[in-house]
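> The following block contains a protein sequence and its predicted model.
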Amino acid sequence: MIKKASFKDIDNIIKITQACALRMEQQGIYQWNSHYPSRAAFENDFNNDELYVTEKHKSIVGCMTITPKMSLYYSTVEWLDTNNKAIYVHRLAIDPNFQGKGFAQELMNFAENYAKNNKYHSVRLDTFSKNTRNQKFYELRGYKRLGEIFFPKQSEFPFYCYQLLL
């Protein structure tokens, strides 16, 4: 079940993202750290009514943010369309104990359907250049890799930007 997050869900969301960060570090992927994702980012997502969770047996197993606001970091990306009528997916995370069970697919299906139902023309996102599992996940869904951006507080390595035209 996917629903809008409540403010009290943020504690569980932080636990999930910390567990994801630890799992990625164990795999040599230094995508998330003490700066990101932050409680402040999730509180901002909640306050903007953009934070979603997915549940199994009434327990949160994943989250994501869906926003129509383009980050300034994306300003140099040559997107496939020029109308900027897009949604952006950020901070998608699945509890490591539930990864590989289809929850990320369900969240992305939800985001893509949300975009279609609200007359957006595309879904845009980024993923870490060293996270080949995520890259394959998005590419198998039809997303096109378009460019690179950098988040200096996260990594010296780039993040790849992706877009799916609807």
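That came in fine, so what should we check first?
> Please tell me how far the helix or strand hosting Phe110 is from the chain's geometric centre.
Taking DSSP states H and E as the criterion, Phe110 maps to helix 103-117. Averaging C-alpha positions (Cα atoms, centre = their mean, to the nearest Å) puts helix 103-117 11 Å from its chain's average.
> Identify each buried residue in that helix, please.
For helix 103-117, the neighbour count (16 or more other Cβ atoms under 10 Å) marks 103-104, 107-108, 110-112, 114-115 as buried. (Each C-beta comes from the backbone N, C-alpha and C, glycine too.)
> do the same with stretch 76-95
77, 79, 86-95.
> now swap in stretch 125-136 and tell me
In stretch 125-136, counting by 16+ other Cβ under 10 Å, buried: 125-131, 134-135.
> isn't there a strand covering Val123?
Yes. Under DSSP: H, G, I helix; E, B strand; the rest coil, Val123 sits within a strand.
> what's downstream of the lengthiest helix in the chain, the next helix or strand?
Across the chain, the longest stretch assigned as helix under DSSP state H is helix 10-26. As assigned by DSSP H and E, the chain's next helix or strand after helix 10-26 is helix 39-47.
> And the residue located most distally from the centre of the chain, how far from Glu112?
Seen from the C-alpha centroid of the chain, the residue lying at the greatest distance (Cα atoms, centre = their mean) is His57, 22.8 Å away. Applying Cβ to Cβ, to the nearest Å, the value for His57 to Glu112 is 25 Å.
> same question, Leu140
In this view, Leu140 and Glu112 are 13 Å apart by Cβ to Cβ.
> For Gly147, name its beta-bridge partners.
For Gly147, the beta-bridge partners are Cys161 (DSSP bridges).
> thinking it is in contact with Cys161, fair?
Yes. Using Cβ atoms under 8 Å, Gly147 makes contact with Cys161 at a distance of 5.0 Å.
> Overlap in contacts, the two.
Val77 (Cβ atoms under 8 Å, 6 or more residues apart in numbering).
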